[in-house]
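Chemist: Give me the fold of what follows.
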Amino acid sequence: MGQPILRTEKLCKSFSSSGEQQHVLKNLDLAIGKGDFTVIMGSSGSGKSTLLYTLSGMDKPTMGDIYFGDRYLSGLSNDQLAIFRRQYCGFVFQQIHLLDHMSVLDNVLAGGLLVSKDKKALTAEAKRLLTQVGLEASSWGKFPSQMSGGEAQRAAIARALINRPQIVFADEPTGALNSATSTQVLDVLTEVHNSGQSLIMVTHDLKSALRGNRVLYLRDGVICGDLRLNHYGEEEPSIRNEKLLAFLSGMGW
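Modeler: Model (predicted):
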């Protein structure tokens, strides 16, 4: 594992439901390597998305500590966490959340303008990113309703990268896409990772999980499995597939 970019100590998250406490995350000690593509898997209700949102500062832990490099996230206020997310994090969700009344280019720019007022530089960066994710100039003026699901998700990835985040969080980014479109989006995320970007992705999909170089398996709020893989493309696909299937089988997947 590379140098940790994110780590937790005794991380807990609980919710109150009908007067009872539901313990979703339980005393997690975790280190996420800088430059790693970390995949979080587990059955429904295992705490995958809760872990993602807590690590990213979108939700606060009930107990325990979270560190982003040397920064102590658990001690930040909600306003401070919002600033932190804008400056250091990018987000890609299953529901794409592009703004319907804005063009693709303006959607990408909107995230950048929260951090920088240099619109000329941001516009150049937005166009570069849209090109990188496979959206040519002819699509930049389109509205989200005029795009396919895969095109819109690739635009959302460009938006997630506009502020040059140190880490990207993805929650089921291919969950609403068909197989061919999912592959296109996964290819973009793999390219982003190969450029040195740190990613954390929640997924239930085997094809998506194969893109990571680390797979965590969560069960009842506890990490019960941790598989390390080579970077995608560095070994025969059949061997990689066998390793992941054997790991997941051992986890009861």
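Chemist: correct me, but residue 244 touches residue 227?
Modeler: Yes - assessed by Cβ atoms under 8 Å, residue 244 is found in contact with residue 227 at 7.0 Å. C-beta coordinates here come from the backbone N, C-alpha and C atoms, glycine included.
Chemist: Overlap of the contact sets of those two?
Modeler: Common neighbours of residue 244 and residue 227 (criterion: Cβ atoms under 8 Å, 6 or more residues apart in numbering): residue 215.
Chemist: and the gap between residue 79 and residue 89?
Modeler: Using Cβ to Cβ, to the nearest Å, residue 79 is found at 15 Å from residue 89.
Chemist: who's more crowded, these two?
Modeler: residue 89 (21 against 8; other Cβ atoms under 10 Å).
Chemist: excluding its backbone neighbours, what's nearest the more buried one?
Modeler: Nearest non-adjacent residue to residue 89, counting by Cβ to Cβ, 6 or more residues apart in numbering: residue 165, 5.1 Å away.
Chemist: can I assume the one you found is in contact with residue 90?
Modeler: Yes - applying Cβ under 8 Å as the test, residue 165 and residue 90 come out as touching, 3.9 Å apart.
Chemist: of these two, who's got more company?
Modeler: Neighbours were tallied for residue 165 and for residue 90 using other Cβ under 10 Å; the higher tally belongs to residue 90 (26 against 19).
Chemist: Could you look up the SS state of the more buried one?
Modeler: Following DSSP: H, G, I helix; E, B strand; the rest coil, the label given to residue 90 is strand.
Chemist: So in terms of bridging, what pairs with it?
Modeler: Under DSSP bridges, the beta-bridge partners of residue 90 are residue 168.
Chemist: surely it meets residue 158?
Modeler: No - checked against Cβ under 8 Å, the pair residue 90 and residue 158 is beyond contact range at 9.7 Å.
Chemist: By residue count, what's the longest helix in the chain?
Modeler: helix 179-194 (DSSP state H).
Chemist: following that one, which helix or strand comes up?
Modeler: Going down the chain from helix 179-194, the next helix or strand is strand 198-202, by DSSP states H and E.
Chemist: Now do the helices in the chain.
Modeler: Going by DSSP H, the chain shows helices at 48-55, 78-88, 104-113, 119-132, 149-161, 179-194, 206-209, 237-250.
Chemist: Minimum distance to residue 19: which of those helices has it?
Modeler: Taking Cβ to Cβ, helix 48-55 is the member of the helices of the chain nearest to residue 19, at 20.1 Å.
Chemist: quick one, that closest one and strand 198-202 angle?
Modeler: Angle, helix 48-55 to strand 198-202, by axes from the mean of the first three to the mean of the last three Cα atoms, to 10 degrees: 150 degrees.
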